[in-house]
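Q: Following is a predicted model, sequence given first.
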Amino acid sequence: MRVTMLILAVVPILLLAGVVYYITYSPMFDGREPLPSIVIERVEFKLNLIVVHIRNVGQDAVTIAQADIDDAPVDAIITPTNVLQRLSSAQLMINYRWVEGRPYEIGVTTSDGTRFASTVEAATPAPEPSTEQLLYFALLGTYVGVIPVALGLLWFPLMQRVGERWNEFFLSLTAGLLALLAIDAVVEAFETADRFAVVGGEVLIPAIIISTFLLLLLTMNRADDSKSGSRYSSIRTDATQKTGEYVSPTRGVLYIAYMVAVGIGLHNLGEGLAIGAALAVGAVALSKFLMIGFTIHNTTEGFAIASPMVRSQVRITHLAILGMIAGIPTIIGAWIGGFMNMPMASVVFLAVGAGAILQVVYAIFGLMRGRGAVISSRHNIAGVVTGILVMYVTGIFV
Amino acid sequence: MNIRPVAIVLLMIAMPITGALIVGVEHDVGNGMHLSSMHNDVESSIDPDTFLTSFDYGRVSILEDGTVLREFTVTVEDVTLEVAPNIYFDAWTYNGSIPGPTLRATEGDRVRVTFLNNGSHPHTIHFHGKHPAEMDGVFPMIPPGGRFVYEFTAEPFGLHLYHCHVDPVAEHINRGLYGVFIVDPRPARESAKEMVMVLNGYDTDFDRENNFYTVNGVPFHYVRNPIEVKRGELVRIYLVNMTEFDLINNFHLHGDLFRLYRTGTSLVPDEFTDMVTLSQGERAILEFRYDYPGLYMFHAHVIEFSDKGWMGFFKVVDDYDDDDEGSSSSDGNASDDEGG
């Protein structure tokens, strides 16, 4: 019986292998060579030197025949080799007296004569991983990531002092904030995937989001089931008491708070990567205006971490840790983005962040229902809408 | 606080970072390879050195009325040519190379060109010059495997050209179907060191913009291999512009000026200059002597073109090296070696 089942399982796979083999070797499908596809992932401007990072995102190996700057062929040293296997990358070093602030078009031509080009809007000296630069990026991350999150957390005492309705309002506001933040992360992930032609990005992003969401859901259920039977049991008990003060089990809400912090942290990691990479390649001048935008925008994130915990006794150390989990990844992201070449990582982080944030939104509604709140009540709807609006308005600056 | 959320948090942070590190690992910068259109050689069947001084005078016989008959064979072949270092272009050629052979006759000669189309598309040969309409190489398109004989009297004397005239003409020219047709005056011009220079471009990605510009088929060839000329020796260049897509091309000589004979149809120079601008299909004969030895550049004064390969050097010497066969060879033509 086992053997029969095994055969039944394996036969289709064997047949599939046969079909693949036939397609591969049948002369019927010959002569349709896939078009080459090269993406220029990163251009670094150093002293009289331009370093170009390229990746073969096509179906077949390609040979790089020539490099050009502004359409004029230039000599280049290509490492490790000028033959790029599928998905492999190479680095071109071009001696060139470039001029700061000027746009440059960098092109590479493959052996079939096809040219691929990428424009750098303004040549900017690439940050060298020096202590000074590391410090600068850390400071940048602190201003746009850590400080605003901490500021947002400062609303915690206020939130603890308001009534039940206001609490619900703040929670639904948080859900609104996070929902838009998730959308923001998704959009950014797609944009990054598109810009760097990350292979299979269109499928990869939703796949990561859905898996992250489901995995978190599973771990959350597991964690609760093993301890207290039902996820929000402790909260529900408290809610029925309507005392407004939670005595012992704050683990449920803490869990949500940590999830919020991790989700936001991942989002900020992606954001930091984007900022670092943009600075490194001179794609944007990070203006004061933009920094102010990020700072205001990210203050809402601190608020979102704080709101699930308002009815619980939470030690100040937890708040500090939560703030750091959410904020510090911005610094790490800026470092990675500034000094390394990894658009794929950026996409993955953003997608994981989006999945985590969506799971948190789901959990927040669960928490509210557990407390006996009616999601569709006027103040809760108003909260969600306000959250979306706040996120939208502060997002305009970014 | 329970240990589990912490573990999950750590796991969630660790996983993407691990993944990112795997994906984003930088290659070690080893020795690398050198990419250069200017300095790297092309191992191609295009041989600009031989082409420069090769003239195909045809198989000569005398007709009953005393007229000289010159018989040529021109065959279309599809070949993949390395037109720049490591860049392979699916070319359509006359006799296997770009440009096609330089056909040469004297005014009044009978010219008979047997045309064989071994390519995969219909082609023709359209000659510039005087001839009957049926010899114009436009209407009877010669299908793959087909044969046609173009026959006419070589007139007027001058510097002419030939190319395929099948639609889309720009495509057929870009693919390489063109060559030079010289009709010498009678009596002949003053003896000189003669050379043919065909200005062309290659649109290798078919976006109707040239990716490379060359003299005689290979970008920067005469930068790597300067053309030797003797001090005081008369140099005559048959300069033909076959560049497609760009409306003009030009030629600028360093350190000297030349007598310019537009289309070569007069023995009286039109101009004494160091610059000539030619539109598509235009040509001119240039004559000059160098007074001083050394390296002199010649190039398109459209800098985009010179950047992309249309550039070269004359090396003016007091005396030729005797061993240098290339500089004085004038028999056979570049593409006969390839024949098949």
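A: Thanks, I have it.
Q: Which of the helices or strands spans residue 207?
A: Just so you know, I chose chain A. helix A:201-228 (DSSP states H and E).
Q: One more: residue A:93?
A: Per DSSP H and E: residue A:93 is located in strand A:89-95.
Q: That strand: which residues count as buried?
A: By 16 or more other Cβ atoms under 10 Å in any protein chain shown, the buried positions in strand A:89-95 come out as A:89, A:90, A:91, A:92, A:93, A:94. Placement of C-beta: from N, CA and C, glycine included.
Q: go on, stretch B:275-285?
A: Applying 16+ other Cβ under 10 Å to stretch B:275-285 flags B:276, B:278, B:281, B:282, B:283, B:284, B:285 as buried.
Q: sorry, back to before: packing partners for the strand holding residue A:93?
A: strand A:49-56, strand A:62-69, strand A:76-79 (3 or more Cβ pairs under 8 Å, 6 or more residues apart in numbering or on different chains; DSSP states H and E).
Q: quick one: average pLDDT of it?
A: Across strand A:89-95, pLDDT averages out at 93.
Q: Mind listing residues that contact it?
A: For strand A:89-95, the surrounding residues in contact (Cβ atoms under 8 Å, 6 or more residues apart in numbering or on different chains) are A:41, A:48-56, A:64, A:67, A:69, A:74-82, A:84, A:108, A:341, B:26-27, B:29, B:32, B:35.
Q: Just the buried subset of those, please.
A: The neighbour count (16+ other Cβ under 10 Å) marks A:41, A:50-56, A:64, A:67, A:69, A:74-82, A:84, A:108, A:341, B:32, B:35 as buried among those.
Q: shouldn't residue B:124 be in contact with residue B:164?
A: Yes. Look at residue B:124 against residue B:164 with Cβ atoms under 8 Å: they come within range, at 5.7 Å.
Q: higher neighbour count, those two?
A: Legend: neighbour count by other Cβ atoms under 10 Å in any protein chain shown for residue B:124 and residue B:164, higher for residue B:164 (28 against 25).
Q: Need the nearest residue in space to that one, chain neighbours excluded.
A: residue B:177 (3.7 Å; Cβ to Cβ, 6 or more residues apart in numbering or on different chains).
Q: Was I right to think the one you found contacts residue B:92?
A: Yes. The criterion here is Cβ under 8 Å, and residue B:177 meets it with residue B:92 at 5.4 Å.
Q: where do the contact lists of these two overlap?
A: Joint contacts of residue B:177 and residue B:92 (Cβ under 8 Å, 6+ apart) are B:76, B:123, B:164.
Q: mind putting these in TSV, pLDDT and secondary structure included?
A: Output for these, formatted as TSV (pLDDT from 0 to 100; DSSP: H, G, I helix; E, B strand; the rest coil):
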residue	pLDDT	secondary structure
B:76	97	strand
B:123	97	strand
B:164	97	coil
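Q: So which of the residues you listed is the closest to residue B:316?
A: Within these, proximity to residue B:316 (Cβ to Cβ) peaks at residue B:164, which comes in at 37.4 Å.
Q: Mind checking which of the buried residues of stretch B:275-285 land in strands?
A: B:276, B:278, B:283, B:284, B:285 (DSSP state E).
Q: If the third one is in a bridge, with which residues?
A: Spelled out, it's residue B:283. residue B:240 (DSSP bridges).
Q: Kindly report the same for the one 5 residues further on.
A: Per DSSP bridges, residues listed as beta-bridge partners of residue B:288: residue B:235.
Q: what sits against it?
A: B:234, B:235, B:253, B:256, B:257, B:258, B:259 are the contacts of residue B:288 under Cβ under 8 Å, 6+ apart.
Q: leaving aside the residues next to it on the chain, what's closest to the last one?
A: Translated: residue B:259. Excluding the flanking residues, the one nearest residue B:259 by Cβ to Cβ, 6+ apart is residue B:269, at 3.9 Å.
Q: Tell me how many other residues surround that neighbour.
A: Residues near residue B:269, counting by other Cβ under 10 Å: 15.
Q: Could you check the pLDDT of the one residue in the stretch 151-300 of chain B that gets nearest to chain A?
A: Here the stretch 151-300 of chain B gets closest to chain A at one residue, residue B:204, 2.4 Å apart by Cβ to the nearest Cβ. With respect to pLDDT, residue B:204 scores 92.
Q: Over to residue B:161?
A: 97.
Q: Which parts of the stretch 1-150 of chain B are helices?
A: B:3-24, B:48-52 (DSSP state H, counting those that start in this stretch).
Q: Return the helix or strand in chain A with minimum mean pLDDT.
A: Sorting the helices and strands of chain A by mean pLDDT, DSSP states H and E puts helix A:233-241 at the bottom, at a mean of 42.
Q: so what's residue B:59 bridging to?
A: Per DSSP bridges, the residues bridged to residue B:59 are residue B:71.
Q: Would you agree it is in contact with residue B:103?
A: No. Counting by Cβ under 8 Å, residue B:59 stays clear of residue B:103, with 12.0 Å between them.
Q: which one of the two has more residues nearby?
A: Under the criterion of other Cβ under 10 Å, the comparison of residue B:59 against residue B:103 puts residue B:103 first, with 27 against 11.
Q: any idea how far that one lies from residue B:166?
A: 20 Å (Cβ to Cβ, to the nearest Å).
Q: again, but for residue A:201
A: 44 Å.
Q: At the contact with chain A, which residues of the stretch 101-250 of chain B appear?
A: B:202, B:204, B:205, B:211, B:219 (Cβ under 8 Å from any Cβ of the partner chain).
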